[in-house]
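*Asks:* Can you look at this prediction? I've put the sequence above it.
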Amino acid sequence: MLLAADLLFRAAELENLQVLMVLASDGGVGKELDALTRSADALGIHPPTARVGPGEAEAALGGLVDVHVTPRGTQRERRPSGTVIAVGPVRRPGATSQDAAARLADPLAVRLALMMIPADEEADLTDEALARAGETLMDWRRRVAEWAQSPSRPVPANLADAVRVAFGDLDTVSLIALIDDLAADDGVPSGARFETFLYADRVLGLELPRDIGRLSV
């Protein structure tokens, strides 16, 4: 749920919109809240502007809430104002998603694994899914570091349009498939692939430029 809110936050900021994010919950105090905060930080999730109890978000914001991100199947006494985005649960067999993030060398692999599944569906963070996400992330970063050595080229118009559509729909599954195909498309100049990956990463939040300058000669 927090990841979906973070993606929405990033996509809105990319359109030069001012975004305020409030976390409303009926618990989350002490150690539980600390664990949630650490897990969110590890996954590159923006911290909320405020943390409040149920029904207190509008008072904290001083106005109506435009978008509500809630767990799928949440029952409400009244329909809230604005758009409601329902997010499916995360299941980690034998452990929690926080445990998974803590054990991985790069917790952002958990972020990528979650984004490979539609937000409204249940996400199974199996060992296989996490390993696949980790390998994909390393491959993308290696490619970005290699492409950084080529002359920069603008993002092709058709790719820019496809990426913006995916941003608007918060369709990370299609966006990930698009850039994964692009990674292997040698018909697109390296400089254009570099700029496209950096543009997509402004919402994906995977730190794709991390390995620039670290390649061995």
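*Replies:* Right, received. Where do you want to start? The structure presented is a predicted model; accordingly, all values stated were derived computationally and were not measured.
*Asks:* biggest helix in the chain by residues?
*Replies:* Longest among the helix segments of the chain by residue count, using DSSP state H, is helix 127-147.
*Asks:* Give me the contact list for stretch 146-166.
*Replies:* Residues outside stretch 146-166 that contact it (C-beta atoms under 8 Å, 6 or more residues apart in numbering): 171-172, 174-175, 178, 182, 188-197, 199-200, 209, 212-213, 215. (Each C-beta comes from the backbone N, C-alpha and C, glycine too.)
*Asks:* Past the helix or strand of the chain with the lowest mean pLDDT, which element shows up next along the chain?
*Replies:* With mean pLDDT, DSSP states H and E as the measure, the helix or strand of the chain carrying the lowest mean pLDDT is helix 97-103 (a mean of 50). Following helix 97-103 in sequence order, the next helix or strand is helix 108-115 (DSSP states H and E).
*Asks:* quick check: domain ranges of the chain?
*Replies:* What automatic domain parsing lists as the domains of the chain is 2-125, 131-211.
*Asks:* List the contacts of the nearest residue to residue 188 once chain neighbours are set aside.
*Replies:* The shortest distance from residue 188 to any non-neighbouring residue, by C-beta to C-beta, 6 or more residues apart in numbering, is to residue 182 (6.3 Å). Contact partners of residue 182, counting by C-beta under 8 Å, 6+ apart, are 159, 188, 193, 196-197.
*Asks:* Next one: residue 182, what pLDDT does it get?
*Replies:* Listed pLDDT for residue 182 reads 96.
*Asks:* Quickly find the element holding it.
*Replies:* Using DSSP H and E, the element containing residue 182 is helix 172-183.
*Asks:* Beyond that helix, next helix or strand please.
*Replies:* helix 190-204.
*Asks:* Give me the helices and strands touching that next one, please.
*Replies:* Helices and strands touching helix 190-204, by 3 or more C-beta pairs under 8 Å, 6 or more residues apart in numbering; DSSP states H and E, are helix 2-14, helix 127-147, helix 157-169, helix 172-183.
*Asks:* Any chance of those helices in CSV with distance to residue 84 as columns?
*Replies:* Compiled in CSV, the helices and strands packed on helix 190-204 are given as follows (distance: least, C-beta to C-beta, whole Å):
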stretch, distance to residue 84
helix 2-14, 12
helix 127-147, 27
helix 157-169, 15
helix 172-183, 19
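*Asks:* With respect to burial, which of those helices scores highest?
*Replies:* helix 2-14 (a mean of 20; mean count of other C-beta atoms under 10 Å).
*Asks:* Can you tell me what sits against that one?
*Replies:* With contacts defined as C-beta under 8 Å, 6+ apart, helix 2-14 is touched by 19, 21, 23, 36, 40, 43-46, 67, 69, 85, 87, 111, 114-115, 119, 167-168, 170, 172, 202-203, 205.
*Asks:* how many neighbours does residue 184 have?
*Replies:* 10 (other C-beta atoms under 10 Å).
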